[in-house]
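Colleague: Output the structure for:
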Amino acid sequence: MASKSFILQVLAFIFIFSPLVHSIDFNFPAVFNFGDSNSDTGGLVAGVGDRLDPPNGQIFFKRPAGRFCDGRLIVDFLMDAMDLPFLNPYLDSIGAPAFRKGSNFAAAGSTILPPSPNAVSPFSFGIQVAQFLRFKNRVLELLEKGRKFQKYIPQADAFQKGLYMFDIGQNDLAGAFYSKSLDQILASIPTILVEFETGIKELYDQGARNFWIHNTGPLGCLTQNIAKFGTDPSKLDELGCVSGHNQAARIFNLQLYALCKKLQGQYSDANVIHVDIYTIKHNLIANYSRYGFEHPLMACCGYGGPPLNYDSRVPCGKTKVVNGTEITAKGCSDSTEYVNWDGIHYSEAANQYVSSQILTGKYSDPPFSDKMPFLLPLKF
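Modeller: Now for the predicted structure:
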């Protein structure tokens with residue numbers, strides 16, 4: 001762990017003083033986030049009454065905190081870097097949540113397309129946008145009633161000046177592999193992105209002007225997909241990832257990038273930023289030891305032991321009876337050595353690395369400029 005901390009400190013030093021981007025004064029009044037489990041800070045748990053058990057949340061929160069992770073997510077690190085509080089889930093009404101600095105509409109398992117009957121999450125992108133519209137309308141109603149609610153909700157101008165973040169699409173692709181061929185999945189990508197564009201347009205029409213759009217990561221390198229679809233070695237690439245899944249992710253990302261370029265031209269008064277998450281995560285997996293990790297593909301919290309330590313029948317922290325035997329998916333002794341947390345999601349240490357790379361500006365189009373985004377001093 002000491003070596004990991006040293007490496008991250010060195011990376012932070014390099015990034016802060018990197019000549020690739022300009023350091024500027026930057027301040028968003030609020031952030032509104034849309035997505036799936038990559039950025040869900042408790043939406044699914046609250047929305048469907050799901051339950052996360054230890055060791056989820058063990059690193060930072062010391063308890064399960066609505067995140068499918070041992071600690072913080074990428075969105076948490078980005079919020080911290082902007083000197084903003086962690087985003088409260090829109091769906092969580094317990095504990096008097098404060099939404100003054102924004103709200104999180106992301107929910108684990110969510111898709112861009114409307115959910116299928118057996119979907120993990122009913123909160124697809126269209127639903128999340130609809131929830132935002134209700135949130136905005138309700139905020140404006142409350143603001144008209146006076147100052148009583150102002151410390152809990154955003155100011156009216158936050159909806160135009162705020163940052164709108166997106167990390168969604170992974171589940172549209174990953175879920176499709178259980179019932180469709182690769183060619184069918186690739187043919188569906190334009191339809192998926194039409195739905196995404198519709199949501200973006202609706203937000204733009206409501207006054208949104210700052211869009212931060214993540215592409216999807218290397219799906220074929222997730223432990224769950226390797227365990228299910230990688231039993232035939234010929235289907236794996238040189239890193240041990242499922243080739244078909246990564247091909248689908250790359251083609252999705254190419255078309256998403258083209259959509260972002262279209263939106264940049266179409267919405268000349270807006271900032272539309274495309275962030276290449278795929279390259280960041282693929283580089284981490286390909287060069288894991290350089291960044292202080294020991295296990296690029298094996299899950300930390302799981303069951304079964306090496307090489308993958310993953311059993312789809314037993315989620316992280318759960319105990320099940322399988323073939324008459326009680327088994328438990330337990331956490332590893334040191335999650336900072338693992339890129340993957342539970343077979344599906346990244347560890348806090350991996351999220352920390354990805355966040356530091358995002359903040360360099362090297363993986364954004366357009367590159368970080370004096371308008372947006374920006375280079376922020378890293379706190380990790």
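Colleague: For stretch 348-355, give the mean pLDDT please.
Modeller: The pLDDT scores in stretch 348-355 average 98.
Colleague: again with stretch 146-154
Modeller: 89.
Colleague: do the same with stretch 101-121
Modeller: Averaging pLDDT along stretch 101-121 gives 96.
Colleague: ranges for the strands of the protein?
Modeller: Remark: strands of the chain, listed N- to C-terminal, are 31-35, 102-104, 163-167, 210-214, 271-275, 295-299, 319-322, 325-328, 338-340, 364-365; assignment by DSSP state E.
Colleague: show me the contacts for Leu91.
Modeller: Contacts for Leu91 (Cβ atoms under 8 Å, 6 or more residues apart in numbering) come out as 42-43, 46-47, 107, 123, 131. Using the backbone N, CA and C atoms, a C-beta is placed for each residue, glycine as well.
Colleague: In helices only, show me these.
Modeller: When DSSP state H defines the helices, the subset of those inside them is 43, 46-47, 131.
Colleague: nearest to Ser243, of those residues?
Modeller: For those, the residue nearest Ser243 by Cβ to Cβ is Gly43; the value is 32.2 Å.
Colleague: which residues touch that closest one?
Modeller: For Gly43, the contact set (Cβ under 8 Å, 6+ apart) comprises 66, 89-92, 104-108, 123.
Colleague: Specify the beta-bridge partners of Tyr164.
Modeller: As for beta bridges, Tyr164 partners with Phe32, Phe211 under DSSP bridges.
Colleague: dump the residue contacts of it.
Modeller: 31-34, 203, 208, 210-212.
Colleague: Let me know the outermost residue of the protein.
Modeller: Seen from the C-alpha centroid of the chain, the residue lying at the greatest distance (Cα atoms, centre = their mean) is Gly324, 36.7 Å away.
Colleague: Which pair in the contacts of Leu91 has the greatest spatial separation?
Modeller: Within those, two members stand farthest from each other by Cβ to Cβ: Gly42 and Gln131, at 14.2 Å.
Colleague: If you count surrounding residues, which of these two has more?
Modeller: For Gly42 and Gln131, the more surrounded residue by other Cβ atoms under 10 Å is Gly42, and the numbers stand at 26 against 19.
Colleague: Include distance to Thr336, pLDDT and neighbour count when you put the contacts of Tyr164 into TSV, please.
Modeller: Compiled in TSV, these are given as follows (distance: Cβ to Cβ, whole Å; pLDDT from 0 to 100; neighbours: other Cβ atoms under 10 Å):
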residue	distance to Thr336	pLDDT	neighbour count
Val31	27	97	24
Phe32	31	98	27
Asn33	25	98	28
Phe34	29	99	27
Leu203	37	98	22
Ala208	36	98	22
Asn210	33	96	20
Phe211	33	97	22
Trp212	27	97	22
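Colleague: Out of the residues you listed, flag the one nearest to Tyr267.
Modeller: The closest of the contacts of Tyr164, once distances to Tyr267 are taken by Cβ to Cβ, is Phe211, at 8.2 Å.
Colleague: Just to check, that closest one is in contact with Phe166?
Modeller: Yes. Between Phe211 and Phe166 a contact is recorded at 7.2 Å, counting by Cβ atoms under 8 Å.
Colleague: got any residues that touch both of these two?
Modeller: Here Phe211 and Phe166 have Ile200 as joint contacts, going by Cβ under 8 Å, 6+ apart.
Colleague: what are the ranges of the helices in this structure?
Modeller: When secondary structure is read from DSSP H, the chain shows helices at 2-16, 43-48, 74-81, 125-144, 158-161, 170-176, 182-205, 223-229, 243-266, 277-286, 348-358.
Colleague: from the chain's centre, how far out does the shortest one sit?
Modeller: To tie it back to what came earlier, the one meant is helix 158-161. Per Cα atoms, centre = their mean, to the nearest Å, the displacement of helix 158-161 from the mean C-alpha position of its chain is 22 Å.
Colleague: cool, the fourth one as well?
Modeller: Averaged C-alpha coordinates place helix 125-144 at 22 Å from its chain's average position (Cα atoms, centre = their mean).
Colleague: Check which residues of that helix are buried.
Modeller: Of the residues in helix 125-144, those with enough neighbours to count as buried (16 or more other Cβ atoms under 10 Å) are 125-129, 131-132, 135-136, 139, 143.
Colleague: Low-confidence ranges, the protein, go.
Modeller: Of all residues in the chain, those with pLDDT under 70 make up the ranges 1-26, 95-96, 368-380.
Colleague: again, 90 this time
Modeller: Across the chain, the ranges flagged by pLDDT under 90 are 1-27, 50, 93-98, 117-118, 146-151, 360-361, 367-380.
Colleague: Identify the residues contacting Phe86.
Modeller: 41, 76, 79-80.
Colleague: again, but for Gly207
Modeller: Taking Cβ under 8 Å, 6+ apart as the contact definition, Gly207 lies against 159-160.
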